[in-house]
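Engineer: here's a sequence, model it:
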Amino acid sequence: MAKIRLTMAQALLRFLDNQYVDFDGQTTKFVTGVFGIFGHGSVVGLGEALAAESNKLPFYQAKNEQGAVHAATAYAKENNRLKIMAVVSSIGPGALNMVTGAGTATANHLPVLLLPGDVFACRQPDPVLQQIEIPYDYTITANDAFRAVSRYWDRINRPEQVMSAMLNAMRVLTDPAETGAVTIALPQDVQGEAYDYPQEFFEKRIHHIERRMPTEAQIKRAADAIRKSRKPLVICGGGVRYSSAGDVLREFCHKFHVPFGETQSGKGVIPWDDAYNLSGIGTTGSLAANRIAADADLVIGIGTRLGDFTTCSKWLFKNPDCTFLSVNVSGFDAYKMNSEPIVSDAKAFLEALLRDSSLGAYETAWGKEVPDIKGQWDKEVCRLYSEEVSGGLSQARVIGELNDRLLPHDAVVISGSGSVPSDMQRVWRTRVTGTYHVEYAFSCMGYEIAAALGAKIAHPDREVVVIIGDGAYAMLHSELLTAVQEGKKIIVFVLDNAGFQCIDNLQHSQGIVHYGNEWKVREESTGRLTGASLAVDYAKNAESWGAVGLRADTIQELEDATRRALKETRPTVVHVHVTPKSMTGNYEAWWRVGIAEVSENPDVVTAWERMQDEIEKTRKF
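Structural biologist: Here you go, the predicted structure:
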């Protein structure tokens, strides 16, 4: 057997550069680059291997390790999980900065390979710089924090261990049911240790992503459930996107007249104006989807994990006879809400169901309810898109102007946590499939700008647009500098409402006084943050990093700024002042939160009592 002597880090990169995936007969190179920030725990090991002339994987110099993971995660999403990037960090704080990004990738079932540096396996120099020592268990390092947020975790304590570790890493990264963050901790001494590796370890390896086909029994059970229902409703989740099942879902809904609501991950796989598309569903859902859901007697979840925002904390489905059918490649998700589980690929399931003769001429009993409520909702969206509010621009209006008039319809639009994605799930009208990219499974503030960088690397010839609140922008915008460095033009609209207004809304809705969420200076007389609002110039912030900074306080200025941004070649930030509390409202939805049972504030006690009434209306499992 031919062998080649390499360091563990060199072997790791050579292996990654020869990994491919096959999906539906198309072969794609799987690992296409590395994000990261070097430090003493990686720069002379993995860094040496990356710097070598023989390495063909491009390196992207991030400015924050969390941002690097978000960029890699978004890159994987925009490539429908068929291409990924690795992320490298130093030990200690550099590694721990990646934990939030790992949680985001895992919650969203998106593959990302994390390669944090680690302490010396030999332990001779201990304690080294940035090492955390745990007296009761010396085998624990900072990288053990990744165990809770990784789908696979390993530590390479000998150079030959990289072979079994990476095969397991690829197993998880390429499995639609298991994929998420994979963490391989790399002790800094082992990175540079050499071993005689078998040449076959580095040969081109194709990982076959197989569609999990439904059984005849599963199709029979699903068809029986549908035939027994009068008013079924589909929930379109992210699994529909990754299965490329949008067209066949549309065919199913049209054939049997079944309406569907969209999760954040499933939104946009079918255009907004489809006759059966009711827009977002759940806590941040539309009036149309939520009202239809309340009357449904069968809920068919396809590729969704049925989180609390989708189900309104299991409160949304009010029909006492409502049952659940969940189609998912993950058995863990398929069993939620006491569903009849169909562990299957979404597209394969729908195609088989359409072929099933037992459904015959089945048709739902929704009749005019669906077009009527969809028409009502479309009128409400049009109202929001032209809304005038005192004191400035309406946030809903700004989103509407960007969506309806100002942005190209094929632009990839990105958002994350806060009130902006809540509004977008309700009112964004996706006209080109695959252009809506909102992270909400982990609700991670700070995802947005880094994600735009990853999306732009995936789509260099398309506009990539971020719509972000000022709170999320302040939390993490460092990859704007990376976008400048890489010459990757992204457009960022910062909707400035002077604070964390989404959480302020939640706080105040439960009887609590406005406290700690609005961006105000501290008053000496009260000792509280109740003074004047902070004045921040996000356009100048962008300019200081070499991006273009623009401002918009009127609709005409927004139009002018957007047109200029589209013509720019550099990353561009548009600072838009919006009136606080000008986001969309609650459309027959509820969300369970932990309200104080005892309080000196009577409004809080009232909110707690009201919550108990609503809890009685929820399903218990």
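Engineer: so who does the residue nearest the centre of the chain touch?
Structural biologist: Among the residues of the chain, the smallest C-alpha distance to the mean C-alpha position (Cα atoms, centre = their mean) belongs to Glu439, namely 2.6 Å. With contact set as Cβ atoms under 8 Å, 6 or more residues apart in numbering, Glu439 has these partners: Thr73, Ala74, Thr104, Asn108, Gln264, Ser415, Gly416, Ser417, Pro421, Tyr447, Glu448, Ala451. To be clear about C-beta, it is placed using only N, CA and C from the backbone, and glycine gets the same treatment.
Engineer: can we see that at 6 Å?
Structural biologist: By Cβ atoms under 6 Å, 6 or more residues apart in numbering, the contact list for Glu439 reads Gly416, Tyr447.
Engineer: try the one 4 residues further on
Structural biologist: Contact partners of Ser443, counting by Cβ under 6 Å, 6+ apart, are Ser417.
Engineer: with the one 5 residues further on instead?
Structural biologist: For Glu448, the contact set (Cβ under 6 Å, 6+ apart) comprises Ile414, Ser415, Gly416, Val466, Ile468, Ala472.
Engineer: for Pro159, see how far away it is.
Structural biologist: Distance, Glu448 to Pro159, by Cβ to Cβ, to the nearest Å: 39 Å.
Engineer: outline the domain layout of the chain.
Structural biologist: 3-208, 216-373, 389-498+534-577 (automatic domain parsing).
Engineer: any idea of the mean pLDDT for the longest one?
Structural biologist: So the one you mean is domain 3-208. Along domain 3-208, the predicted local confidence has a mean pLDDT of 97.
Engineer: now do the helices in the stretch 101-250 of the chain.
Structural biologist: In the stretch 101-250 of the chain, helices defined by DSSP state H, counting those that start in this stretch lie at 161-173, 188-191, 216-228, 238-242, 246-256, listed in chain order.
Engineer: how about the helices in the stretch 351-500 of the chain?
Structural biologist: Under the criterion DSSP H, counting those that start in this stretch, the stretch 351-500 of the chain contains helices at 369-385, 395-401, 419-427, 447-458, 470-475, 479-486.
Engineer: wait, which of the ones you listed is closest to Val99?
Structural biologist: Checking the helices of the stretch 351-500 of the chain against Val99 by Cβ to Cβ gives helix 447-458 as the closest, at 14.0 Å.
Engineer: now do the closest one against helix 479-486, angle only.
Structural biologist: Interaxial angle, helix 447-458 versus helix 479-486 (axes from the mean of the first three to the mean of the last three Cα atoms, to 10 degrees): 20 degrees.
Engineer: coming back round to it: quick one, which of the domains of the chain is nearest to Val381?
Structural biologist: domain 389-498+534-577 (4.9 Å).
Engineer: what's the mean pLDDT across the closest one?
Structural biologist: Averaged over domain 389-498+534-577, pLDDT sits at 97.
Engineer: with stretch 327-337 instead?
Structural biologist: pLDDT averaged over stretch 327-337 equals 97, rounded to a whole number.
Engineer: and the residue nearest to Lys83 when sequence neighbours are not counted, how many neighbours?
Structural biologist: With Cβ to Cβ, 6 or more residues apart in numbering as the criterion, Lys83 has its nearest non-adjacent residue at 5.3 Å, and that residue is Thr32. In terms of burial, Thr32 registers 18 neighbours under the definition other Cβ atoms under 10 Å.
Engineer: you'd agree Thr32 is in a strand?
Structural biologist: Yes. Applying DSSP: H, G, I helix; E, B strand; the rest coil, one finds Thr32 inside a strand.
Engineer: distance of it relative to His254?
Structural biologist: The separation that Thr32 has from His254, given Cβ to Cβ, amounts to 37 Å.
Engineer: for Glu518, grab phi and psi.
Structural biologist: Main-chain torsions, Glu518, degrees, to the nearest 10: phi -90, psi 150.
Engineer: can you check Trp428 too?
Structural biologist: Backbone geometry at Trp428, expressed as degrees, to the nearest 10, gives phi -70, psi 130.
Engineer: measure the closest residue to it other than its chain neighbours to Asp378 for me?
Structural biologist: Using Cβ to Cβ, 6+ apart and skipping the chain neighbours, the partner closest in space to Trp428 is Asn403 (5.6 Å). Asn403 sits 13 Å away from Asp378 when distances are taken as Cβ to Cβ.
Engineer: who's more crowded, the two?
Structural biologist: Neighbour totals were compared for Asn403 and Asp378, and Asn403 leads with 22 against 16 (other Cβ under 10 Å).
Engineer: what's around His459, how many residues?
Structural biologist: Neighbouring residues of His459 were enumerated by other Cβ under 10 Å; the total is 18.
Engineer: now do the residue nearest to Ala452 when sequence neighbours are not counted against Leu550, distance only.
Structural biologist: Distances taken as Cβ to Cβ, 6+ apart put Ile490 closest to Ala452, at 4.3 Å, once the chain neighbours are dropped. When Cβ to Cβ is the yardstick, Ile490 and Leu550 sit 14 Å from each other.
Engineer: those two: who's more crowded?
Structural biologist: Set Ile490 next to Leu550 and count neighbours by other Cβ under 10 Å: Ile490 wins out with 27 against 24.
Engineer: surely that one and Ala483 touch.
Structural biologist: Yes. Applying Cβ atoms under 6 Å, one finds Ile490 in contact with Ala483, separated by 5.4 Å.
Engineer: any shared contact partners between these two?
Structural biologist: By the contact definition Cβ under 6 Å, 6+ apart, Ile490 and Ala483 are jointly contacted by Pro571.
Engineer: what about Val240, neighbour count?
Structural biologist: Val240 sits with 28 neighbouring residues when counted by other Cβ under 10 Å.
Engineer: which residues touch it?
Structural biologist: Leu249, Gly266, Val269, Ile302, Gly303, Ala346.
Engineer: could those residues go into CSV alongside pLDDT?
Structural biologist: Formatted as CSV, the contacts of Val240 follow (pLDDT from 0 to 100):
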residue, pLDDT
Leu249, 98
Gly266, 98
Val269, 98
Ile302, 98
Gly303, 98
Ala346, 98
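Engineer: out of the residues you listed, who's nearest Arg429?
Structural biologist: After measuring the contacts of Val240 against Arg429 - Cβ to Cβ - the closest member comes out as Val269, at 14.0 Å.
Engineer: where's the closest one, which helix or strand?
Structural biologist: Element membership of Val269, judged by DSSP states H and E, is empty: it is in no helix or strand.
Engineer: ok, now the one 10 residues further on?
Structural biologist: Ser279 is part of strand 277-280 when elements are defined by DSSP H and E.
Engineer: partner strands of that strand, with direction?
Structural biologist: strand 260-262 (parallel) (DSSP bridges).
Engineer: what does the partner strand contact?
Structural biologist: Val234, Ile235, Cys236, Cys253, Tyr276, Leu278, Gly280, Ile281, Ala289.
Engineer: from Ser417, how far off is the residue nearest to the centre of the chain?
Structural biologist: The gap separating Glu439 from Ser417 is 7 Å, by Cβ to Cβ.
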